[in-house]
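Student: The sequence isn't on hand, but the structure is:
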């Protein structure tokens, strides 16, 4: 493993200028995405969605409905892709796995005392192992933000490495919860720690804290991924989560991804949207493009 | 009773002032300064283009240190020069009177010259506050503009008011952090050289002020076209010389300052605007971080 | 695991450039087949009886033709300006003057889209820039200076101001409307009247501005806009009844003007060339610095006098910065200025393209290593790929002379002293940039760099309130902000 060969000094992670990064992020939103580029982009975005339900009130029934939606997004529109994955709590993995059998749609499970992460390491490991044992293809862990803000970078690093080990074959998404880290410098540092510790994905947010994903914060993480790739040759995937509910915004993210990491990242192996209501907005846009008529939410299933 | 022999007076040698030294002109030339009564006053250096070249080199070398000094310190040095001038008042009055001034005129000119130094001494660390601005740009940047010295100034002093004009010209130039080469009044050069001695004993670093004596017609073209000079000042109304200076100054886009209408004895001959004639405005931008938190208040 | 050896790693950006066309519609812009001279509030046929064409540099198609003002036309314009100054403008209460200027600002805002399209058609700049920068900033400039008109007594402590009279203003082709605003707004606010000449390759937005000035009911003669080339400019500079010359353009022409007015009492402000150093230290926020470099040299095809055309990178991050720069360049879209996705539009003229190409050759002959983005460029029209040179020496011409195109010369440095010395080692002194995370270093750099505008951790920012102008051979006088007023008044 490359990660164990070289561990940099995270206290000197690159600095990020807030005004500059936000200017750059807003520049992507100036791209005008039209016609076939737009349709391809919308379909790609659909295919990158981790359709998510993370509620205390989740039930088997709710999860089954969501799984059906994942593979039948809008049947009146031919040849639509499926979403990338369903993202649920560990207790719902088994139901989801069964519902999605043979569809190619992955099951992702949050773990490690999601969303706060305030639990001892052994419990987090058990939580992870349970999710994997239930059939999770992907594990979305949270970092210990409190430890991180205390400057206990080694603790955070070791914890991620331990969870990675517990994941086995499952791909590990490391949620930084950027809304609690506040500054871009800290987001960059946390990204570096996560990648060097073995993350397969880095992910912005749990969706439980505001602000969740923003374009600038995602840009900081994409730049960290790019720098890591150049240093190690290892690709890391990215998942912005929370707050991306409009197709136009999703297209902006794809423009950003395309211009920072390039076309090799433009697929759902290397990029995901953690979202629940985004799918319907994209579907409405696709139907608008197809029919030329502005759409109503009443014609798109809510699951 | 002891017999009193008539003591032989030591005549002063009027040399030029370059880089804190008092060399003779490299050219070896001199001219005789006289007064209206056609009395011979002194042999004065007839400065050459090479003296000017050397002086520009000295001024350029001195610029970094002088402009980088605390403005407060520049103020103290100007004040010190005023003290020194006060201390040698009699000598200046004497020289002015030799050069045709009445006692009253001479006293007035020297007093004004001292006061003018004090005046500009005080401005050294104040004009910046008057002419700076924080500019409320519409983007998230802190943006401010401050005056900075133009650099090396080549100035031709007025022919009359040979002390006051010289002091009034030099003081705002150096108060603002510039260094300079000044060509003294050709007709009345004595005070300029003596003033150089005042400056030299005032903790003023060598090269900040360089004083040459010589002919305007011969040296002015070099004052205007030297490529390492940033600004030229000229105090006479001679149209041909003005035009020549402006034309040659275009070679490296020098700033041109003309003081042909200034009455050096008047109160209007001193103001911070004279300092600003030899200042550039520098504007600096820097982003202002504004992350999260403190949205509604502090 | 997707792992590669690091020396084979390269990101691919072809798809990032390959977007469906998103052209701005030309229908919102009305361009007449022919424009006359705007003198004394009316469009007048030129006494010269001559017209010349103005083309779209992206297609080489003729857009319109404009009058070529000769000496007699200049005389008419100056006469109108003088009469308007004596009879109307200098007598008008300042607050009324202000209202006219506000009115111009508002009308530009109302017709912003039209202005943006014409600016891009006539000059070749990307619509994104003319729409988001040139036109709004021009309107804001009028709005800002309008407010000064009746507050001048606060601008100069212990002094009052008088207008100078008639101002002759000659502007360049890189920011046609914005430069017109930079010139006209402060002149009017301080009570002067104006004869303005836009550049011969980009006259259209100035003439559209003339339409607005007419529509705004500005008293006839207060602003006169006449078109022509160098001879027309010379006639303005040499006109005996002009009190002030304001010029933005090349240092060579600036020197000619300074000589030409040597025998007169005309005041002048000159905003001339530049060869700005943009300095990146190893502790800088590198990705933002790279973006600043991109913005510094590729903004407006590099046709910017304050462009950051010399990049100095500290040796310890040199390779990384160049790599990031190359990746970023690969994502830039070069092409149709009217496409909303275009980052780099057309070079303003064939002549300028030839100048740029000449320097590309010189750079290679001097032994510098040239790298250009792999993007495709249109076959017709004047285009240049974004270009950087590495292995550059301070003595190379590409590191010393203003190229005025999308061409960057990159050098490495080791210490702070070295880079200050190299940055200042130029006859120019318009702007500079410095990138470091260390505050105290920023202030060391910003005070020691001999330039009129210093951008720290940013680059190519402009604002009506922010004074702009050069040290040394980059000219004298300031435009913008409080300090911009001084260029148009006698302080008494």
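Tutor: That came in fine, so what should we check first? Quick caveat, the model's predicted, so the values are computed rather than measured.

Student: Okay, and the beta partners of the residue nearest the centre of chain A?
Tutor: When CA atoms, centre = their mean is applied to chain A, the residue found nearest the centroid is residue A:239 (2.5 Å). Residue A:239 forms beta bridges with residue A:203, as assigned by DSSP bridges.

Student: Do you know the pLDDT at it?
Tutor: Looking at residue A:239, its pLDDT reads 98.

Student: For it, give its distance to residue A:58.
Tutor: From residue A:239 across to residue A:58, the span is 20 Å (CB to CB, to the nearest Å). For every residue, glycine as well, the C-beta is placed using N, CA and C.

Student: next one: residue C:369
Tutor: To residue A:58, residue C:369 is 59 Å away according to CB to CB.

Student: how many neighbours does residue A:34 have?
Tutor: 16 (other CB atoms under 10 Å in any protein chain shown).

Student: I would like the residues contacting the helix or strand containing residue B:75, please.
Tutor: Assessed by DSSP states H and E, residue B:75 sits inside helix B:71-87. Contact with helix B:71-87 is made by B:66, B:92, B:110, B:113-115, B:117-118, B:120-125, B:128, B:171, B:174-175, B:177, B:195, B:198-199, B:201-204, as judged by CB atoms under 8 Å, 6 or more residues apart in numbering or on different chains.

Student: so how far is residue C:53 from residue C:210?
Tutor: 19 Å.

Student: Among these two, which residue is more densely surrounded?
Tutor: residue C:210 (27 against 12).

Student: ok, and that one, which helix or strand is that part of?
Tutor: Counting by DSSP H and E, residue C:210 is found in helix C:204-215.

Student: Could you look up the next helix or strand downstream of that helix?
Tutor: According to DSSP H and E, the helix or strand after helix C:204-215 is strand C:223-225.

Student: Residue 112: what's it in contact with?
Tutor: Chain wasn't specified; assuming chain A. By CB under 8 Å, 6+ apart, the neighbours of residue A:112 are A:119, A:124, A:127, A:128, A:141, A:142, A:163.

Student: try again with chain C
Tutor: Going by CB under 8 Å, 6+ apart, residue C:112 touches C:131, C:135, C:136, C:139.

Student: Pop out the phi and psi values for the first one.
Tutor: Just to be clear, that refers to residue C:131. Torsion angles at residue C:131 (phi, psi; degrees, to the nearest 10) stand at phi -70, psi -40.

Student: That one and residue C:118 touch, don't they?
Tutor: No: using CB atoms under 8 Å as the test, residue C:131 is too far from residue C:118 to be in contact (11.5 Å).

Student: and the two? which has more neighbours close in?
Tutor: A count of neighbours by other CB under 10 Å puts residue C:118 above the other of residue C:131 and residue C:118, at 27 against 21.

Student: tilt between the helix or strand where that one lies and helix C:204-215?
Tutor: Under the criterion of DSSP H and E, residue C:118 resides in helix C:112-123. With axes from the mean of the first three to the mean of the last three CA atoms, to 10 degrees defining the directions, helix C:112-123 sits at 140 degrees from helix C:204-215.

Student: I'd like the average pLDDT over helix C:112-123.
Tutor: For helix C:112-123, mean pLDDT rounds to 98.

Student: Check stretch C:78-90 too.
Tutor: 98.

Student: dump the residue contacts of residue 125.
Tutor: All of this refers to chain A. Taking CB under 8 Å, 6+ apart as the test, what residue A:125 contacts is A:162, A:163, A:166.

Student: nope, chain C
Tutor: Residue C:125 makes contacts with C:119, C:134, C:300, C:301, C:303, C:337, C:345, as judged by CB under 8 Å, 6+ apart.

Student: Now do the strands in chain A.
Tutor: A:49-52, A:85-88, A:106-110, A:138-142, A:171-175, A:201-203, A:237-239, A:273-275 (DSSP state E).

Student: no, scratch that, I was asking about chain B
Tutor: Under DSSP E, chain B gives strands at B:30-34, B:40-45, B:133-134, B:141-149, B:152-156, B:179-183, B:209-212, B:231-234, B:255-258, B:279-287.

Student: Columns mean pLDDT and distance to residue C:167 on top of the ones you listed, output as a markdown table?
Tutor: Formatted as a markdown table, the strands of chain B follow (pLDDT from 0 to 100; distance: least, CB to CB, whole Å):
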| stretch | mean pLDDT | distance to residue C:167 |
| --- | --- | --- |
| strand B:30-34 | 95 | 46 |
| strand B:40-45 | 95 | 45 |
| strand B:133-134 | 98 | 23 |
| strand B:141-149 | 98 | 23 |
| strand B:152-156 | 98 | 28 |
| strand B:179-183 | 98 | 32 |
| strand B:209-212 | 98 | 37 |
| strand B:231-234 | 98 | 23 |
| strand B:255-258 | 98 | 19 |
| strand B:279-287 | 98 | 20 |
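
Student: Just the contacts of residue A:112: which are in helices?
Tutor: If you go by DSSP state H, those have A:124, A:127, A:128, A:163 in helices.

Student: Check what pLDDT the closest residue to the first one other than its chain neighbours gets.
Tutor: To tie it back to what came earlier, the one meant is residue A:124. Sequence neighbours aside, residue A:112 is the residue nearest to residue A:124 in space, at 4.0 Å (criterion: CB to CB, 6 or more residues apart in numbering or on different chains). pLDDT for residue A:112: 96.

Student: could you measure residue A:112 against chain B, distance?
Tutor: Remark: distance between residue A:112 and chain B (CB to the nearest CB, to the nearest Å) = 25 Å.

Student: Show me where the stretch 1-150 of chain A has its helices.
Tutor: Counting by DSSP state H, counting those that start in this stretch, the segments of the stretch 1-150 of chain A that form helices are A:2-5, A:18-28, A:35-47, A:60-71, A:93-99, A:121-133, A:145-150.

Student: can you tell which of these is closest to residue C:67?
Tutor: helix A:18-28 (39.7 Å; CB to CB).

Student: Next, the angle from the closest one to strand B:279-287.
Tutor: 70 degrees.

Student: And residue C:369 and residue A:58? Which one has more around it.
Tutor: residue A:58 (16 against 12).

Student: Let me know the secondary structure of the closest residue to residue C:93 other than its chain neighbours.
Tutor: Closest residue in space to residue C:93, ignoring its immediate chain neighbours: residue C:150 at 7.7 Å, by CB to CB, 6+ apart. Here residue C:150 is recorded as coil under DSSP: H, G, I helix; E, B strand; the rest coil.

Student: so who does residue C:150 touch?
Tutor: C:93, C:94, C:95, C:97, C:98.

Student: List the contacts of the residue of the stretch 1-150 of chain C found nearest chain B.
Tutor: Distances between the stretch 1-150 of chain C and chain B by CB to the nearest CB are smallest at residue C:140, namely 7.4 Å. Residues near residue C:140 by CB under 8 Å, 6+ apart: B:138, C:105, C:463, C:464.

Student: Mind checking what secondary structure the last one has?
Tutor: So that's residue C:464. From three-state DSSP, the assignment for residue C:464 is coil.

Student: longest single helix anywhere in chain A?
Tutor: Scanning chain A for the helix with the most residues, using DSSP H, yields helix A:215-232.

Student: Now do that helix: which elements does it pack against?
Tutor: helix A:18-28, helix A:184-197, strand A:201-203, strand A:237-239, helix A:247-260 (3 or more CB pairs under 8 Å, 6 or more residues apart in numbering or on different chains; DSSP states H and E).

Student: Give me the angle between the last one and helix A:215-232.
Tutor: Just to be clear, that refers to helix A:247-260. 30 degrees.

Student: can you tell if helix A:247-260 touches chain C?
Tutor: Yes: using CB under 8 Å from any CB of the partner chain, helix A:247-260 reaches chain C at A:255, A:258, A:259.

Student: Please consider this matter closed, and thank you.
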